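**Q** Below are the sequence and a predicted model; questions follow.
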Amino acid sequence: MSTPAPLTERTTLPMAKAINEGLRAAMLADDRVLLMGEDIGPLGGVFRVTDGLQRDFGSARVLDTPLAEAGIVGSAIGLAMRGYRPVIEIQFDGFIFPAMNQIVTQLSKIRARHDGRIDMPVVIRVPYGGHINSIEHHEESPEAYFAHTPGLRVVSPSTPNDAYWMMQQAIASPDPVLFFEPKSKYWQKGEVDPAAPSAELHRTRIARTGTDCTVVGFGAMTTTLLQAAEIAQAEGTSLEVVDLRTISPIDYEPLLASVRKTGRLVVAQEAPGNASVGSEIAATVAEQAFYSLQAPVLRVSGYDVPFPVAAIESLYLPDADRVLEAVDRTMHY
């Protein structure tokens, strides 16, 4: 093993490397932190997010597992009950479903079942979302299944700095955390500051201020919303971009304050729109900010069909044009 070293200076990193550094910092701070997953050891994972960590911390703390998601999650539950803080990788979003029983009926329930006396500090890393020209089960956005499940925390960073800090915050949580990583942003670079966290784990942030319409999303969609805001600004419309960062529990107050200011809201996500996180946001804003709304809340999402083949994924996934079309509709209401 080589001598592990933490990130000490502000630097520019791609998101994948920022997550790697967040894992490294957590492992240096607490020797109970273990990594488990398929091909995460010498290979460093299919996206190389764990590259170098087995070399630096050894195979007893960075474990390659069989191709058995149910077994990976079940083992993590047992390790957490014995005082460890396992971080497990699900290789692709669509591969999480063989572990649904362990996640939904066991992992999410154990703390409540024992009246909070047993912590369940398990982090499940899930590369998710589209824009990588792959196939079904490799580009899906299944976050709504887990946001619907009480006992789970569900987060998704949109910047390398958030990825670095949110990973450490998730590992420190006594509750299980689903950590959705937007794989299309793995190699998007941004500044990472190891001196201080950008915000608490479950805090919504205003990514760009504006006055005419609020647009909200999370993960890779935040970048799309910022692109739409740039285009809209050139056309004379000021968009306020809200990055949820956490999908469950949602920190609504910054979003509600934004809607009360602009009077309009467009919710965007890659997942299908039916019974989704976007649906919940629309309903909650309609309940809590009804008298501030000057137009109905509009949703922009993937279509309610199975994820398509790579050749037509660009027709399925929301882009800046679809967001701006929704903005135009709400502005002319």
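**A** In hand now; what should we look at?

**Q** measure N274 to D319 for me?
**A** 20 Å (CB to CB, to the nearest Å). For the C-beta atoms, the positions are set from N, CA and C on the backbone; glycine is no exception.

**Q** between the two, which one's more packed in?
**A** D319 (15 against 12; other CB atoms under 10 Å).

**Q** quick one: that one and T224 touch, right?
**A** Yes. Contact criterion CB atoms under 8 Å: D319 and T224 qualify, at 6.3 Å.

**Q** Do you have the helices of the stretch 151-300 of the chain handy? List them.
**A** Secondary structure of the stretch 151-300 of the chain (DSSP state H, counting those that start in this stretch): helices located at 160-172, 220-234, 253-262, 277-288.

**Q** So which residues make contact with the first one?
**A** Same thing as helix 160-172. For helix 160-172, contacts defined as CB atoms under 8 Å, 6 or more residues apart in numbering pick out 7, 12-15, 17-19, 21-23, 25-26, 29-30, 33, 85, 87, 121, 123, 153, 155, 157, 177, 179, 181, 188-194, 197-201, 245.

**Q** again with the shortest one
**A** If you take CB under 8 Å, 6+ apart as the criterion, helix 253-262 is touched by 203-206, 210-214, 216, 240, 242, 244, 265, 281, 285, 288-289, 292-293.

**Q** what about 10 Å?
**A** By CB atoms under 10 Å, 6 or more residues apart in numbering, the residues outside helix 253-262 that reach it are 203-206, 209-216, 238-244, 252, 264-265, 267, 281, 284-286, 288-289, 291-294, 297, 330.

**Q** Now do it against helix 277-288, angle only.
**A** Angle, helix 253-262 to helix 277-288, by axes from the mean of the first three to the mean of the last three CA atoms, to 10 degrees: 60 degrees.

**Q** returning to what we had before: list buried residues within the contacts of helix 253-262.
**A** 204-205, 210, 212-216, 239-244, 252, 264-265, 267, 281, 285, 289, 292-293, 297, 330 (16 or more other CB atoms under 10 Å).

**Q** which neighbours does the lengthiest strand in the chain have in its sheet, and in what orientation?
**A** Identified as the longest strand of the chain according to DSSP state E is strand 265-272. When pairing is defined by DSSP bridges, strand 265-272 lines up against strand 213-217 (parallel), strand 298-302 (parallel).

**Q** now these as TSV including distance to M100 and mean pLDDT?
**A** Shown next, in TSV, are the strands paired with strand 265-272 (distance: least, CB to CB, whole Å; pLDDT from 0 to 100):
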stretch	distance to M100	mean pLDDT
strand 213-217	25	98
strand 298-302	20	97
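
**Q** To H138, which of those strands lies closest?
**A** With CB to CB as the measure, strand 298-302 is the member of those nearest H138 (14.5 Å).

**Q** tell me the angle the closest one makes with helix 220-234.
**A** Using the same axes, to 10 degrees: strand 298-302 against helix 220-234 is 130 degrees.

**Q** Distance from the chain centre to strand 298-302, please.
**A** Distance of strand 298-302 from the chain centroid (CA atoms, centre = their mean, to the nearest Å) equals 18 Å.

**Q** so what are the domain limits for this structure?
**A** The chain breaks down into these domains under automatic domain parsing: 11-192, 205-331.

**Q** got the helices of the stretch 151-300 of the chain as a markdown table, with mean pLDDT and distance to S108 columns?
**A** A markdown table is the format used below for these (pLDDT from 0 to 100; distance: least, CB to CB, whole Å):
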| stretch | mean pLDDT | distance to S108 |
| --- | --- | --- |
| helix 160-172 | 97 | 15 |
| helix 220-234 | 97 | 25 |
| helix 253-262 | 98 | 25 |
| helix 277-288 | 97 | 17 |
